[in-house]
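> quick one, fold the following:
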Amino acid sequence: MENVDPKITAHIKEGFKNVCIWKISVDESVDVDICDAETESFNAEASIDGDRLNLALSGHLDTLSAPELLANFEKIRQDNDLKSVFIDCSKLEYVSSAGIRVLLIMHNDCADGVTMKSCNETIIEDLSNTNIKIL
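Numbering: from 1, shown residues only. Reported below is the predicted structural model:
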């Protein structure tokens, strides 16, 4: 993305280092090895353009990544007077209900809401019952 503020990008990347994976088993005698489990990656690049936050999201915005995106959004919002969020979704593969919840929080916290561009069909369908603008 153009005009990427390295300080904001570094802050977001640092925040994602604290994402945890949970291992849950009902039967304690079962040994579950998650070393070979595939984990979907998520990345967010951010820049500020006046009163607009620009995000480029990639990977999966899900239960593991959504809380960190929200925490970083709230930190950025504290430091900036944001009126809107513009999200490039050309590399975003999936958004879970937790991710949708974060997008709706961002949408409601900004006067001009959230606009998403280049969403795949699944994401468009998942967001069809929201007020989030999709280009």
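> buried set for the least confident helix or strand in the chain by mean pLDDT?
Using mean pLDDT, DSSP states H and E, helix 6-15 stands out as the lowest-scoring helix or strand of the chain, at a mean of 74. Residues of helix 6-15 classed as buried by neighbour count (16 or more other C-beta atoms under 10 Å): Ile8, Thr9, Ile12, Gly15. Heads up, the C-betas are built off the backbone N, CA and C, glycines and all.
> need the residues you listed in JSON lines (columns: distance to Met106).
Converted to JSON lines, these look like this (distance: C-beta to C-beta, whole Å):
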{"residue": "Ile8", "distance to Met106": "15"}
{"residue": "Thr9", "distance to Met106": "18"}
{"residue": "Ile12", "distance to Met106": "14"}
{"residue": "Gly15", "distance to Met106": "15"}
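> before we move on, back to that, any idea which helix or strand comes after the least confident helix or strand of the chain?
Downstream of helix 6-15, the next assigned helix or strand under DSSP states H and E is strand 42-49.
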